[in-house]
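> Curious how this folds, go ahead:
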Amino acid sequence: MSLEIIAIIESPLFGVLLTVGVFFLSLEINKFFKGTPLLHPVMLSMAIIIPLLLWTGIPYETYFNGASIIHFLLGPATVALAVPLYENFARVRQVFLPLMLACIIGSTIAATSACAVVWGLGGDFKTILSIAPKSVTTPIAMGISEQIGGIQSLTAGVVLITGTIGCIVSPVIFKILKIRDDGAKGFALGVSSHGFGTAQALQISAVAGAFAGLGLGVTGVLTAFGLPLVLSVFW
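A predicted model of the protein is given here:
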């Protein structure tokens, strides 16, 4: 490999350009297949970048040197979800208490059921801690995992898988249960599938996106404060 190519790869721009380029390619593939959740752009991008790095022998650390810039933007992107929530705040305020109750129950079941499954399958305590924040958006989930002693990389992977599964099965569940209200659809997606679900909700309508943003945010706050507190009491 020539010195010029090595210099390009080690440049922070390499990680940014590779990530953005592959993501836009994944978007086009997803559009070609009519937006199917089975080919979610984020998961598809991972399926392209990981083999590419392995095939070329480029260390993950070298790639992440530039991709970390995009990783940093996850935080502001999450905060920006408050915009559709603000625009639909009047409707949200009408059903605020039922939404909070649903969010508390939903986030509790999401964490406890995941931990129970891992424990039942023989997973160790560190793995259980890594799985617990699976339904929270990636930046918050990784912070929680670090705080409670989990494995951040495992948490990030499970968060992505959780979001993908939620996007795939949610249209079927909505159809079976005959859920037609955009607010209910969006809130369910935000609570169960964090950023992935919120992105899908925004494709449904602005109302669904607003409720999804609320579900994502409240679930993140409840899990960030509640999970470490519960662990400190019982362990």
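> can we go C-alpha only for contacts and neighbour counts from here?
Will do.
> helices and strands of this protein: which one bottoms out on pLDDT?
Here the helix or strand of the chain ranked lowest by mean pLDDT, DSSP states H and E is helix 3-10, holding a mean of 56.
> pLDDT (mean, whole number) over the following helix or strand past that helix?
Counting by DSSP states H and E, the element after helix 3-10 in chain order, helix or strand, is helix 12-32. For helix 12-32, the per-residue pLDDT values average out at 85.
> what does stretch 50-68 give?
On average, stretch 50-68 scores 81.
> Tell me which residues of that stretch come out buried.
Residues of stretch 50-68 classed as buried: 62, 63, 64, 65, 66, 67 (neighbour count, 16 or more other CA atoms under 10 Å).
> Over to stretch 136-156?
Neighbour-count burial for stretch 136-156 [16+ other CA under 10 Å]: 136-142, 144-146, 148, 150-152, 155-156.
> picking that back up, which ones among the buried residues of stretch 50-68 map onto helices?
Residues of the buried residues of stretch 50-68 located in helices (DSSP state H): 62, 63, 64, 65, 66, 67.
> Dump these into CSV; add distance to residue 162 as well.
As requested, those are exported to CSV (distance: CA to CA, whole Å):
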residue, distance to residue 162
62, 27
63, 25
64, 23
65, 26
66, 26
67, 22
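> tell me which of those is nearest to residue 19?
residue 67 (6.8 Å; CA to CA).
> can you tell me how far the closest one sits from residue 75?
14 Å (CA to CA, to the nearest Å).
> Okay, buried residues for stretch 96-113 please.
99, 102, 103, 104, 106, 107, 108, 110, 111.
> Need the contact partners of stretch 156-168.
Residues from elsewhere that reach stretch 156-168, judged by CA atoms under 8 Å, 6 or more residues apart in numbering: 36-38, 40, 43, 131, 133-138, 141-142, 189, 192-197, 200.
> brain fart, stretch 106-126
Contacts for stretch 106-126 (CA under 8 Å, 6+ apart): 127-129, 131-135, 149-151, 191-192, 219, 222-223.
> Quick one, which of those are buried?
127-129, 131-135, 150-151, 191-192, 219, 223.
> Could I get the average pLDDT for stretch 154-165?
So the average pLDDT for stretch 154-165 ends up being 86.
> repeat for stretch 221-233
81.
> Buried ones in that stretch, by neighbour count?
223, 224, 227, 228.
> So which of these belong to helices?
Using DSSP H, the buried residues of stretch 221-233 in helices are 223, 224, 227, 228.
> Can you give me the distance of residue 195 to residue 186?
The gap separating residue 195 from residue 186 is 11 Å, by CA to CA.
> Specify the residue ranges that define each domain of this structure.
3-72, 80-234 (automatic domain parsing).
> And the longest one, how far out from the chain middle?
What that stands for is domain 80-234. 8 Å (CA atoms, centre = their mean, to the nearest Å).
> One more: stretch 29-38?
Distance, centroid of stretch 29-38 to centroid of chain: 19 Å (CA atoms, centre = their mean).
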